[in-house]
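Student: predicted model follows, preceded by the sequence.
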Amino acid sequence: MKPLLIVNVGSAPEKQLSKFGDFELWAKLAIGETSLDVAFHDGIHTPIPDNEMLAGVVIMGSLSMVTEEADWMKRLASEIRQLCKNNIPVLGICFGHQLLAYAFGGQAGFNPNGLEVGTVEITRNKESENDPIFSTLPKQFLAQTIHFQSVLTLPENAVCLAESVLDNHHSFRIGSCVWGVQFHPEFSAEIMEEMLNNVAETLGQDRLTEKKQQIRATDNARQILVQFARLCADRLNG
């Protein structure tokens, strides 16, 4: 069976890595039961395999930033465009979301509103109402976030699907099979609490304590990965 490929573009911070495993494992656990084979892939050092052998692709988050424009990012952006051309479903998460925007002519950079972190409310917009993934979610739902950079300018052919108070472009779709989400559907509440410790100095003790008290489970956000995997499976079976 063609696999759903989860592409790792950099390891999780050391403390979270030792406690929870790496980013791609978090995504697999969030997807849960699926008829698809789920495979992991090193997107930094290895090109994405032949498109005809894939059910779909998930591009994970990273400690790197798209604005670095490293050679491997440019190569992966080119591969993403080819996936889209071949009608292979793609989901980008956080860094992956920003790389999708970059790949199709949008702009990523430091969010002028600053760091967005913790459990935040996401609001999906009118354009999401017929989206095969987002239409199943409530109008407002909670999601885990941690990012300094955002998609500042969407690609011309992108449709914005959701926003937060600090980020106007929390999700977008290109065509019928490419999605980007700035938030983290793969984060559990426990992972989010650990991640907050990584930005403790930026937040300060009072805000860190407040953010930890606001952490909630984000089952609706997790459905992004569940629904994406289901869409990939349905396409194979269709």
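Tutor: Cool, got the structure. Numbers count the residues shown, from 1 in each chain.
Student: so residue 28 is in which element?
Tutor: Per DSSP states H and E, residue 28 falls inside helix 23-31.
Student: list the buried ones in that helix?
Tutor: Neighbour-count burial for helix 23-31 flags 23, 24, 25, 26, 27, 28, 30, 31 (criterion: 16 or more other CB atoms under 10 Å). (Each C-beta comes from the backbone N, C-alpha and C, glycine too.)
Student: ok now do residue 52, which residues does it touch?
Tutor: residue 86 (CB atoms under 8 Å, 6 or more residues apart in numbering).
Student: any idea how far it is from residue 80?
Tutor: Relative to residue 80, residue 52 is positioned 16 Å away (CB to CB, to the nearest Å).
Student: and for residue 200?
Tutor: Distance check for residue 200 against residue 80: by CB to CB, it reads 34 Å.
Student: which of the two has more residues huddled nearby?
Tutor: Neighbour tally, residue 200 and residue 80, criterion other CB atoms under 10 Å: the higher count belongs to residue 80, 25 against 13.
Student: just checking: what are the partner strands of the helix or strand hosting residue 57?
Tutor: Secondary structure here is read from DSSP H and E; on that basis residue 57 sits in strand 56-59. When pairs are called by DSSP bridges, strand 56-59 turns out to pair with strand 3-8 (parallel), strand 90-93 (parallel).
Student: distance of residue 15 from residue 75?
Tutor: In this structure, residue 15 and residue 75 are separated by 30 Å, where distance is defined by CB to CB.
Student: now, of the strands paired with strand 56-59, which is deepest in the fold?
Tutor: When these are scored by mean count of other CB atoms under 10 Å, the highest mean neighbour count falls to strand 90-93 (a mean of 29).
Student: centroid-nearest residue for the chain?
Tutor: Nearest to the mean C-alpha position of the chain, counting by CA atoms, centre = their mean, stands residue 93 at 1.1 Å.
Student: can you tell me how far it is from residue 126?
Tutor: Applying CB to CB, the value for residue 93 to residue 126 is 24 Å.
Student: now residue 9
Tutor: Per CB to CB, residue 9 is found 32 Å from residue 126.
Student: residue 77 too?
Tutor: According to CB to CB, residue 77 stands 29 Å off from residue 126.
Student: OK, contacts around the residue located most distally from the centre of the chain?
Tutor: With distances taken from the mean C-alpha point of the chain and given as CA atoms, centre = their mean, the most distant residue is residue 206, at 28.5 Å. Applying CB under 8 Å, 6+ apart to residue 206 gives no contacts.
Student: next: the one 5 residues further on.
Tutor: Counting by CB under 8 Å, 6+ apart, residue 211 makes contact with 117, 118, 196, 203.
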